[in-house]
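>>> structure, please.
(one chain, ligands or ions: 1)
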Amino acid sequence: METLTKKDLDHFAKLLAERKQRLGEEIRRVLARTGKEPYADILAGGSDAGDSSVADLLSDVAFAEVARDAAEVRDISAAQARIGAGTYGVCIECGKDIAFVRLEADPGALHCGACARLPVKR
Ligand SMILES: [Zn+2]
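Here you go, the predicted structure:
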């Protein structure tokens, strides 16, 4: 097993936090444009943008943008929780290690390369 060291985990934790921050800002920017800013905190906090209550509030275009970002925020939140739980870097589908380079490219990755290529089930 390609065990991630404490240093690696700190590194990815930092990348995740930065990325989450950036996505939060992006969500806020889109929502400010559409006058729905009060909902930014809900979405940036990782709520499901597919919730009809939230979806109804957004225009279609804004929704597509925000939904994508909010989905990534959810993945990042999940990855952050997995760092805390000590399961970060392990594929949620097959249980194998996710390649370091893959995490480097996408710290929020929850699947190994092989499972990510399969039809998405989520
Ligand atoms: Zn896998």
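>>> any low-confidence regions in the protein?
1-2, 37-39, 42-61, 120-122 (pLDDT under 70).
>>> let's see it at 50
Counting by pLDDT under 50, the chain contains low-confidence ranges at 1, 122.
>>> residues from this protein in reach of the ion?
91, 93, 94, 112, 115 (Cβ under 5 Å from the ion). (Each C-beta comes from the backbone N, C-alpha and C, glycine too.)
>>> show me those that map onto helices.
Those of the residues of the chain next to the ion mapping onto helices are residue 115, per DSSP state H.
>>> quick one, which of the residues of the chain next to the ion are buried?
Neighbour counting by 16 or more other Cβ atoms under 10 Å classes 91, 112, 115 among the residues of the chain next to the ion as buried.
>>> contacts only, for the residue lying closest to the second one once chain neighbours are set aside.
To tie it back to what came earlier, the one meant is residue 112. Nearest residue to residue 112 in three dimensions, chain neighbours excluded: residue 91, at 3.9 Å (Cβ to Cβ, 6 or more residues apart in numbering). For residue 91, the contact set (Cβ atoms under 8 Å, 6 or more residues apart in numbering) comprises 97, 98, 110, 111, 112, 115.
>>> measure the fourth one to residue 103 for me?
What it means is residue 111. Residue 111 sits 11 Å away from residue 103, going by Cβ to Cβ, to the nearest Å.
>>> quick one on the thing from earlier: okay, the residues of the chain next to the ion in TSV with distance to residue 32 next?
Shown next, in TSV, are the residues of the chain next to the ion (distance: Cβ to Cβ, whole Å):
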residue	distance to residue 32
91	37
93	37
94	41
112	37
115	37
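>>> now for the residues of the chain next to the ion: which two are most distant?
93 and 112 (7.3 Å; Cβ to Cβ).
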